[in-house]
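Peer 1: Here is the input, now give the coordinates:
(one chain, ligands or ions: 3)
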Amino acid sequence: MLIKHGLNCGFGAKKNCIFMLASSAVLRRQQLVIRCLGVGGYSDHNTNTNQKIMQGIRFMSGASLEADAENVVRAITPTLDPNRHKGQAGKIAVIGGCREYTGAPYFAAISALKIGADLSHVFCTKDAASVIKSYSPELIVHPILEESYSVRDEDKSFISEMVLGEVDKWMERFDCLVVGPGLGRDPFLLDCVSKIIKHVRQFNVPIVIDGDGLFLITNCLDLVSGYPLAVLTPNINEYKRLVQKVLSCEVNDEDAHEQLLSLAKRIGGVTILRKGKSDLISDGETVESVSIYGSPRRCGGQGDILSGSVAVFLSWARHVITSENLSISSKNPTMLGCIAGSTLMRKAASFAFENKKRSTLTTDIIECLGRSLQDICPVP
Ligand SMILES: NC(=O)C1=CN([C@@H]2O[C@H](COP(=O)(O)OP(=O)(O)OC[C@H]3O[C@@H](n4cnc5c(N)ncnc54)[C@H](OP(=O)(O)O)[C@@H]3O)[C@@H](O)[C@H]2O)[C@@H](O)CC1
Ligand SMILES: Nc1ncnc2c1ncn2[C@@H]1O[C@H](COP(=O)(O)OP(=O)(O)OP(=O)(O)O)[C@@H](O)[C@H]1O
Ligand SMILES: [Mg+2]
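Peer 2: Ligands and ions are numbered 1, 2, ... in the order given. Now for the predicted structure:
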């Protein structure tokens with residue numbers, strides 16, 4: 001495993017690495033904790049001391065370890081077993097899709113299928129449903145959500161009950177829900193989705209919250225607070241809004257790991273995947289990062305692929321953890337799902353870019369998901 005922030009060196013080179021960081025605030029705190037731990041010097045010959053130092057550094061700064069990313073993917077991806085029946089490799093549902101956005105829920109839902117889920121559903125507004133269906137016959141699309149413009153005030157509570165009733169028929173069956181890609185911000189619709197989230201929590205179904213779902217939960221943190229099966233996947237803006245709301249401060253990139261750690265902790269141990277040049281992931285206990293090379297193209301929709309990917313891997317990780325001995329250290333399925341989802345998305349983006357360069361689009365990346373997974377865990 002590599003240690004980030006310039007500390008990814010062997011112990012022989014540690015002195016140099018540490019001195020390179022001497023001016024940073026992070027290192028000053030790290031040195032302080034090393035002194036507090038009573039660890040003297042940086043002897044290359046004393047492995048115990050070195051380990052203590054590294055543990056101290058990690059503990060104090062929340063410095064992340066670069067995840068053993070491809071091994072995580074291998075450890076949780078199920079084998080293709082002819083004895084399995086449809087549904088056992090995962091049933092995913094995306095809640096999103098409104099008048100403006102039909103691409104985002106499609107990207108999330110189709111990515112889940114391309115990675116290996118058996119069934120992928122989309123719960124969206126009536127306007128969005130036929131459009132999404134027309135993109136792909138593979139998706140199961142439920143036109144059940146309503147926006148304010150299509151509902152009279154006096155009908156709202158009745159419609160809300162109906163939406164919940166429809167969703168209720170299905171929710172228990174899903175292995176993971178993705179809430180938010182292309183959901184929009186209509187207040188009535190968001191109110192219905194809040195009810196769905198509260199309901200789904202009772203069944204212990206994992207929830208990945210992205211896009212407008214993050215807008216919703218940032219304004220109503222109780223929806224996810226204290227739910228260990230919740231994963232938030234904020235982009236730069238969404239992360240900024242979360243930090244401002246929860247920590248009442250601005251994003252601090254110098255202390256990125258510590259800030260992410262406290263944010264996850266403050267929201268009661270949810271897992272947060274902060275998207276960016278490197279993806280940083282924390283459940284409030286540890287921080288890991290995935291920095292494998294992705295793509296320099298920033299076309300819209302890549303975050304939607306990620307949310308669908310995380311949903312599938314999180315479902316698989318939960319299954320492996322409950323049924324087998326996992327050969328990797330982390331046992332938190334949400335962390336594993338994020339690491340694997342991020343790895344696959346970034347690898348697919350790099351393959352797509354290799355091929356399409358400046359014209360790389362989200363659909364091109366989706367087409368590379370299969371090749372990326374095959375590259376990491378080949379099917380004969
Ligand atoms: N095809 C579809 O259907 C897609 C639909 N999508 C859906 O759209 C909904 C809203 O999601 P979102 O991501 O557009 O909202 P948010 O993050 O608030 O950004 C708003 C604005 O912030 C800016 N900005 C962005 N990044 C920045 C940066 N790094 N640094 C600085 N500024 C940055 C940028 O504005 P600019 O100022 O550059 O004009 C950006 O336009 C949500 O439901 C999502 O799922 C998407 O998934 C895409 C594919
Ligand atoms: N600067 C970057 N360099 C490399 N990869 C990046 C960079 N920024 C984001 N990514 C990757 O792209 C993926 C999507 O992140 P992004 O920040 O674009 O999400 P988003 O804004 O929510 O996307 P969407 O347009 O789907 O809403 C993530 O998996 C992340 O790893
Ligand atoms: Mg997004």
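Peer 1: Going along the chain, name the strands of the stretch 251-380 of the chain.
Peer 2: Ranges of strands in the stretch 251-380 of the chain, per DSSP state E, counting those that start in this stretch, are 271-274, 279-282, 287-290.
Peer 1: Partner strands of the second one and their direction?
Peer 2: Okay, so that is strand 279-282. Next to strand 279-282 in the sheet, as set by DSSP bridges, lie strand 271-274 (antiparallel), strand 287-290 (antiparallel).
Peer 1: Deepest in the core, which of those is it.
Peer 2: Highest mean neighbour count among the strands paired with strand 279-282 (mean count of other CB atoms under 10 Å): strand 271-274, with a mean of 28. Quick note: C-beta positions are derived from backbone N, CA and C, even for glycine.
Peer 1: number of nearby residues for the closest residue to ligand 3 within the stretch 201-350 of the chain?
Peer 2: Going by CB to the ion, ligand 3 is nearest to residue 303 of the stretch 201-350 of the chain, at 3.4 Å. By the criterion of other CB atoms under 10 Å, residue 303 has 22 neighbours.
Peer 1: Next: residue 234.
Peer 2: Counted by other CB under 10 Å, the residues lying close to residue 234 total 23.
Peer 1: would it count as being in a strand?
Peer 2: No: looking at residue 234 with DSSP: H, G, I helix; E, B strand; the rest coil, it is coil, so not inside a strand.
Peer 1: my guess is it contacts residue 279, does it?
Peer 2: No: the criterion here is CB atoms under 8 Å, and residue 234 misses it with residue 279 at 10.8 Å.
Peer 1: Need the residues touching each of the two.
Peer 2: residue 273 (CB atoms under 8 Å, 6 or more residues apart in numbering).
Peer 1: So is stretch 280-297 next to ligand 2?
Peer 2: Yes: using CB under 6 Å from any ligand atom, stretch 280-297 reaches ligand 2 at residue 294.
Peer 1: Just the endpoints, please. Distance across that stretch?
Peer 2: Using CA to CA, to the nearest Å, one end of stretch 280-297 lies 19 Å from the other.
Peer 1: same check, this time on stretch 175-188
Peer 2: Taking CA to CA as the measure, stretch 175-188 stretches 26 Å from start to finish.
Peer 1: so what's the residue lying closest to residue 151 once chain neighbours are set aside up against?
Peer 2: With sequence-adjacent residues excluded and distances taken as CB to CB, 6 or more residues apart in numbering, residue 151 is closest to residue 159, at 5.3 Å. When contacts are counted by CB under 8 Å, 6+ apart, residue 159 touches 146, 151, 192.
Peer 1: So which of these sits lowest on pLDDT?
Peer 2: pLDDT is lowest at residue 151 among those; the value there is 92.
Peer 1: Run through the residues of this structure sitting next to ligand 3.
Peer 2: Residues of the chain found near ligand 3 (CB under 5 Å from the ion) are 211, 303.
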